[in-house]
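Participant: Sequence and predicted model, in that order:
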Amino acid sequence: MKIYHNPRCSTSRKALKMITDSGIEPEIILYQKNALSPMELGTLLRKMKMVPIDLIRKKEDLFKTVYKDKELSDEEWIQIMIEHPRLMERPIVEDGNKAVLGRPLGNIEDLISK
């Protein structure tokens, strides 16, 4: 199991605690320090059954000031998230062929209890 984690985010910290409390020691991916590749992010999106715009944090100032009114392709949104990882919703938890966005945290419970 992997968690794409931002230690400054309270929801991400709660997700990590939920996982470790269940007895699982996940691989922690600090995606803001170590950028994902377009292929890695694309694979995560497919596992979550999401399109890139669904993973964008629309309340982030950068989104509101620069990207809000733009019509961009999936590939462009992926590149933007790679260049500005703070625009990515978090946490993401991946286990094998499945991945979930940890908002709400119940999504992670479903993945852990499989």
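Facilitator: It's in.
Participant: got the residue ranges for the helices in this protein?
Facilitator: Counting by DSSP state H, the segments of the chain that form helices are 10-21, 38-48, 61-62, 74-83, 106-112.
Participant: Buried residues, the worst-scoring helix or strand of the chain on mean pLDDT. List them.
Facilitator: The weakest-scoring helix or strand in the chain, judged by mean pLDDT, DSSP states H and E, is helix 106-112 (a mean of 91). Going by neighbour count (16 or more other CB atoms under 10 Å), the buried part of helix 106-112 is 107, 108, 111, 112. Heads up, the C-betas are built off the backbone N, CA and C, glycines and all.
Participant: Include distance to residue 48 when you put those into a markdown table, please.
Facilitator: Written out in a markdown table, the entries for those read as follows (distance: CB to CB, whole Å):
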| residue | distance to residue 48 |
| --- | --- |
| 107 | 9 |
| 108 | 12 |
| 111 | 11 |
| 112 | 16 |
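Participant: re the thing from before, now the helices of the chain as CSV including distance to residue 89?
Facilitator: Putting the helices of the chain into CSV (distance: least, CB to CB, whole Å) gives the following:
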stretch, distance to residue 89
helix 10-21, 10
helix 38-48, 10
helix 61-62, 14
helix 74-83, 10
helix 106-112, 11
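Participant: Quick check, pLDDT for the most far-flung residue of the chain relative to its centre.
Facilitator: In the chain, residue 69 marks the outermost C-alpha relative to the chain mean, sitting 22.4 Å out by CA atoms, centre = their mean. Listed pLDDT for residue 69 reads 94.
Participant: Residue 3: how many residues sit nearby?
Facilitator: 26 (other CB atoms under 10 Å).
Participant: sorry, that was for residue 1
Facilitator: Count around residue 1 with other CB under 10 Å applied: 16.
Participant: who's in contact with stretch 13-26?
Facilitator: With contact meaning CB atoms under 8 Å, 6 or more residues apart in numbering, stretch 13-26 is reached by 1-3, 5, 7, 28, 91, 93, 102, 105, 108-109, 112.
Participant: Since that was my last question, I'll sign off now.
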